[in-house]
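Trainee: The following block contains a protein sequence and its predicted model.
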Amino acid sequence: MLKRLAGCVRQYKGASLLSPLFVVLEVIMEVIIPLLMAKLIDDGIDGANQAAILKTGGILAVCCILSLLFGILAGHFAAKASAGFAKNIRHDLFHTVQGFSFFNIDRFSASSLVTRLTTDVTNLQNAYQMIVRVALRSPAMLIFSLAMAIRISPKLSIIFLIAIPILGAFVFFLMSSVHPIFERVFRTYDKLNNVVQENVHGVRVVKAFVREDHEISKFAKISQKIYADFCKAEGRLSFSMPGMQVAVYSCMLLLSWFGARIIVGSGGSDLTTGELMSLMTYALQILGALMMLSMIFVMVVISRASAERIVEVLDEQSDLTNPEHPVLKVADGSVDFSHVSFSYSKRMDKCCLKDIDLHIPSGMTVGILGGTGSSKSSLVQLIPRLYDTTAGTVKVGGVDVKDYDLDTLRNAVAMVLQKNVLFSGTIKENLRWGNEQATDAELQEACRLANADEFIATFPKGYDTYLEQGGANVSGGQKQRLCIARALLKKPKILILDDSTSAVDTKTDSGIRAALKTYLPETTKFIIAQRISSLQDSDLILVLDGGVINGMGTHEELLQTNAIYQEIYEEQTKKGGVTE
């Protein structure tokens, strides 16, 4: 894990090394200062030597200034290194997530990935800053101060040698007891994030069903759980400060007691007043270093859980990869399913598609009909290789989709999904997702074919109209037509419309289908719909039921041979949903 995270330091290695260097120099200055203070008291004040006071005082002032300067530089480089480290982690995480297949994303969940990119990275940034600055400062201060204390009085230094291991054991026990709690807290954070996302995305449904109290209660329960765990962890950690203070004051009392006895007993020959004062200062430095180490341990404990979650994402390998020698050209839009079975869990006993054998020539329009859960969307998602088959093969243009370069394959397939997604930005910017180089004339032509030009013309800024995140300021039908226009700009060899005209009226639906037939005659079109009127002109209609093809043929053939198709047709005819 440490090796994986160390790779994220990259261009900030210099700052990560300079910060500890200046920290060591700062510590050296701070360790020298008590010695100079002892000399100032013994030679200058007690000896009534003005020259010694001025000389030692001057050196003391220089050391203080240098200590301040080294501290500022150490802080500057520590901040630069930690912020850069966090930036690289965020970049690597986001880059890794972009390469995930749908299976990988399903495994982590969107809310968990958001938490890892935000809260977990911030925890790691804080820990890294502590490591490059304080993690070296505390041991250095501990070692140097202890060495100076032993140099001054080996007898009194025994007090430190007894206190340090006792405190170390106390801190280790404390940290090991709170780590599992923090692990649990961050898992709960994922759930909290998920509740917030669901509530924000479904705010209209929440208000329509007057479920605000339910959502507040759900949020409060998870928030309370985080609160309880944090209180439990922080409650245990709160013992660290009293424990340290007990150690500090005990050492000070012991030093004062035994130090005074030595000074009086030896007449100042074994220990001077100035040396006793410097020992007091070293005691504060040694135990202060231990206190800082305990803070580092707290941060490391918190960040360890975050680090494990981040590395889990960074080490995740996409199950969709390019072959060693990928095919870089799609010949045509023909699609062949050869005994295809598919399971989201990759288990053959839980397949949602079973033994699909289908051969679609290029340029054909294929309608797909079936009830909810019949795996219509799962079937078409195998064509651009959003998922891999569990058994069998899918071929596009006569080539197994696993042999294609992923970008090449997906550039040849345009999909308009059930959930229409628009991004914050202008209509033009959203449309150019289909073709970055599209001219304004091409944008307008695509929108005309998708029956989107009419409502765009009513906007004061036309194609420069700003769309809110998710297209919140346009209707469902308008979003669908913009998404269809965006797909048409790709001029794909295969076009997949996954129930993408469900929010438009039958006249507009008919107009879109007629335009597609004229504008993309050589493109293979897959149209998933609930309305038979959206499919009846298709060259081939598939009826899916329980993940298997229950029937296939033209509209007229299925009316004669397929019971499910007949039932849907009769039901929609009664409601006036189908026109001959």
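Mentor: That came in fine, so what should we check first?
Trainee: going forward, measure contacts between C-alpha atoms and count neighbours the same way
Mentor: Fine.
Trainee: Against which helices or strands is the helix or strand A283 falls within packed?
Mentor: Here A283 sits within helix 273-314, counting by DSSP states H and E. Packed against helix 273-314 by the contact rule (3 or more CA pairs under 8 Å, 6 or more residues apart in numbering; DSSP states H and E) you find helix 13-39, helix 50-98, helix 121-129, helix 136-152, helix 154-201, helix 240-266.
Trainee: Let me see the mean pLDDT of that helix.
Mentor: For helix 273-314, the mean pLDDT works out to 80.
Trainee: If you count neighbours, what's buried in the very next helix or strand once past that helix?
Mentor: Following the chain from helix 273-314 toward its C-terminal end, the next helix or strand by DSSP H and E is strand 335-342. Of the residues in strand 335-342, 335-338, 340-342 count as buried by neighbour count, 16 or more other CA atoms under 10 Å.
Trainee: and these as CSV, adding pLDDT and distance to E571?
Mentor: Rendered in CSV, the data for the buried residues of strand 335-342 read as follows (pLDDT from 0 to 100; distance: CA to CA, whole Å):
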residue, pLDDT, distance to E571
V335, 95, 32
D336, 95, 32
F337, 95, 31
S338, 94, 33
V340, 94, 31
S341, 93, 31
F342, 93, 31
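Trainee: how long is stretch 124-144 from one end to the other?
Mentor: 29 Å (CA to CA, to the nearest Å).
Trainee: Residues touching it, excluding its own?
Mentor: 16-17, 19-20, 23-24, 27-28, 31, 74-75, 78-79, 81-83, 85-86, 285-287, 289-290, 292-293, 296, 299-300, 303, 306-307 (CA atoms under 8 Å, 6 or more residues apart in numbering).
Trainee: hmm, try it at 7 Å
Mentor: Stretch 124-144 has contacts (CA atoms under 7 Å, 6 or more residues apart in numbering) with 16, 19-20, 23-24, 27, 31, 74, 78-79, 82-83, 85-86, 285-286, 289-290, 292-293, 296, 299-300, 303, 306-307.
Trainee: In CSV, could you pull the C-alpha coordinates for stretch 231-246?
Mentor: Provided in CSV are the C-alpha atoms of stretch 231-246 (Å, rounded to 0.1, in the frame of the first residue of the first chain):
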residue,chain,number,x,y,z
CYS,A,231,-17.5,10.1,20.0
LYS,A,232,-16.4,6.6,20.9
ALA,A,233,-13.0,7.0,19.0
GLU,A,234,-12.4,10.5,20.2
GLY,A,235,-13.4,9.6,23.7
ARG,A,236,-10.6,7.0,23.8
LEU,A,237,-8.1,9.4,22.1
SER,A,238,-9.0,12.1,24.7
PHE,A,239,-7.0,10.0,27.2
SER,A,240,-3.8,10.8,25.3
MET,A,241,-3.5,14.4,26.4
PRO,A,242,-4.0,13.8,30.1
GLY,A,243,-1.6,10.8,30.0
MET,A,244,1.0,13.1,28.4
GLN,A,245,0.4,15.8,30.9
VAL,A,246,0.8,13.4,33.8
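Trainee: buried sites along it?
Mentor: Buried-residue list, stretch 231-246, by 16+ other CA under 10 Å: 233, 237, 240, 244.
Trainee: Now render those residues as a markdown table, adding distance to L540 and pLDDT.
Mentor: Shown next, in a markdown table, are those (distance: CA to CA, whole Å; pLDDT from 0 to 100):
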| residue | distance to L540 | pLDDT |
| --- | --- | --- |
| A233 | 63 | 81 |
| L237 | 68 | 74 |
| S240 | 73 | 73 |
| M244 | 79 | 74 |
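Trainee: now, among those residues, which is nearest to G434?
Mentor: Nearest to G434 out of those is A233 (CA to CA; 50.5 Å).
Trainee: show me the contacts for that closest one.
Mentor: With the criterion set at CA under 7 Å, 6+ apart, A233 makes contact with 178, 181.
Trainee: and it, what helix or strand is that in?
Mentor: For A233, the host element (DSSP H and E) is helix 212-237.
Trainee: can you check Q566 too?
Mentor: Assessed by DSSP H and E, Q566 sits inside helix 563-574.
Trainee: Just the CA trace of that helix, in PDB.
Mentor: What follows is helix 563-574, C-alpha atoms only, in PDB (Å, rounded to 0.1, in the frame of the first residue of the first chain):
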ATOM      1  CA  ALA A 563     -48.800 -14.600 -27.900                       C
ATOM      2  CA  ILE A 564     -46.800 -12.000 -25.900                       C
ATOM      3  CA  TYR A 565     -46.700  -9.600 -28.900                       C
ATOM      4  CA  GLN A 566     -50.400 -10.100 -29.600                       C
ATOM      5  CA  GLU A 567     -51.300  -9.400 -25.900                       C
ATOM      6  CA  ILE A 568     -49.300  -6.200 -25.900                       C
ATOM      7  CA  TYR A 569     -50.800  -5.100 -29.200                       C
ATOM      8  CA  GLU A 570     -54.300  -5.700 -28.100                       C
ATOM      9  CA  GLU A 571     -53.800  -3.900 -24.800                       C
ATOM     10  CA  GLN A 572     -52.300  -0.900 -26.500                       C
ATOM     11  CA  THR A 573     -54.900  -0.900 -29.200                       C
ATOM     12  CA  LYS A 574     -57.600  -0.700 -26.600                       C
END
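Trainee: For the remainder of this discussion, apply numbering that starts at 46.
Mentor: With 46 as the first residue, the last one maps to helix 608-619.
Trainee: Leaving out sequence neighbours, find the closest residue to the residue nearest the centre of the chain.
Mentor: In the chain, the C-alpha nearest the mean C-alpha coordinate belongs to L162, at 3.0 Å (CA atoms, centre = their mean). Residue nearest to L162 in three dimensions, not counting chain neighbours: R135, with 6.0 Å by CA to CA, 6 or more residues apart in numbering.
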